[in-house]
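Student: only geometry, no sequence info:
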Ligand code: KMH
Ligand code: ZN
C-alpha cells in the first residue's frame, strides 16, 4: 500500500470563528493553521482564503499573498486552492486562483444541494473550469459530493473536456443534502474509478474520522480540517487544524499505514518534483 497522503482543508468558506475561534481569517492566521497542519503530518493544504473580517473571497491578490506566505514557512507543501469558493459566487470569480498556475486546484463535479443552499456547477461551468485547467496545466482534484458527480467527470474526461489519467478524486461525503458518509457509498465510488487513479475521502462533521479509518484501511487518502469538521471528538472543539491531522496520524499508525511527506505525495499524485 502507498503511504497515506493527508490533506488539511484549513479554512473553508462557510465556517466561522463563532463556531470555532481557531478558524483562520487573516493571512497570519491562515499561515498559522497551514503550519500546524503540515507540522502534524499533512502533505497537502486545501486552501480557501478570507478577508480579514472573515468574508470568503476568491481574489487572486489575496490568494497570492496567502500562498506566498504559506510557502515562506512550509516550502514543500502541496497547495490545492479552491475553485469552489463559496456558494453563490460566479464562475469567473471562482476561477481567479487558477491564474496563479498552482500545481493543483479543485474542480467540483456537479450541482448539488449544500445544506439550505444550492452549490452550482453546471455542465457549461465545468467545461470552462476543465478548459482552464488544461490550458494552465493544473492537475484537478475532482470533488465529488454526489455519486452522480463521478459519472459526470469520467464522461468529461473521455471527451477531453477535463484533464485525464491519472485522475485524483476527493469523495466529500456527508454534506447535508448530498451522498451520506457511509462505507458502502465510499466503496461504490472507489470501485468505479479508473485503474491508476488516486483518491481521498473527506467525511463531513461527525463523519470525519469514521470515514477516515476505512479510507486508510482501503489504501485511500484522507482529508480533514476546519472546512469539514470543527471538533476533535464529540463536544471538544479542535484547537487547530494540526490537532485534526494528528488524530488521523494516530489512526494510521494503529492501522500500520505510514504517512507521506509532500515530496512523496507529489510522486504518488504524479506531480512534478518541486525545485
Ligand atoms: N465552499 C463549498 C461550497 C471546493 O473547494 O472546490 C465548495 C467547496 C469546494 O469548498
Ligand atoms: Zn473547499
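Tutor: That came through fine. Here the structure is a predicted model, which means the values were calculated and not measured. Numbering: from 1, shown residues only. Ligands and ions are numbered 1, 2, ... in the order given.

Student: Minimum distance to ligand 2, which residue of this protein gives it?
Tutor: Ranking the residues of the chain by distance to ligand 2 (C-beta to the ion) places residue 82 first, at 4.2 Å. For glycine as for every other residue, the C-beta is placed from the backbone atoms N, C-alpha and C.

Student: Run through the residues that contact that residue.
Tutor: Residues in contact with residue 82 (C-beta atoms under 8 Å, 6 or more residues apart in numbering) are 13, 46-48, 58, 94, 97, 105-106.

Student: The residue nearest in space to the middle of the chain bridge partners, please.
Tutor: Nearest to the geometric centre of the chain sits residue 46, at 4.7 Å (C-alpha atoms, centre = their mean). According to DSSP bridges, residue 9, residue 80 are recorded as the beta-bridge partners of residue 46.

Student: My guess is it contacts residue 83. True?
Tutor: No. Taking contact to mean C-beta atoms under 8 Å, the distance of 11.1 Å between residue 46 and residue 83 leaves them out of contact.

Student: which residues touch the closest residue to residue 167 other than its chain neighbours?
Tutor: When the adjacent residues along the chain are set aside, residue 167 lies closest to residue 197, with 4.8 Å between them (C-beta to C-beta, 6 or more residues apart in numbering). Applying C-beta under 8 Å, 6+ apart, we find residue 197 in contact with 165-169.

Student: which residue packs closest to residue 267, ignoring adjacent ones?
Tutor: Among residues not flanking residue 267 along the chain, residue 273 sits closest, at 7.7 Å (C-beta to C-beta, 6+ apart).

Student: what's the answer for residue 246, then?
Tutor: Counting by C-beta to C-beta, 6+ apart, the residue nearest residue 246 is residue 40, at 4.4 Å.

Student: By proximity to ligand 1, which residue of the stretch 101-250 of the chain wins?
Tutor: Closest approach between the stretch 101-250 of the chain and ligand 1, counting by C-beta to the nearest ligand atom: residue 106, at 3.3 Å.

Student: The stretch 51-200 of the chain too?
Tutor: Scanning the stretch 51-200 of the chain for proximity to ligand 1 using C-beta to the nearest ligand atom identifies residue 84 as nearest, at 2.4 Å.

Student: what sits against that residue?
Tutor: The neighbourhood of residue 84, defined by C-beta under 8 Å, 6+ apart, consists of 13, 94, 106, 108, 119, 143.

Student: Next, count neighbours for the last one.
Tutor: Burial of residue 143, expressed as a neighbour count using other C-beta atoms under 10 Å, amounts to 26.

Student: Tell me which helix or strand it sits in.
Tutor: Of the helices and strands defined by DSSP states H and E, residue 143 is found in strand 139-144.
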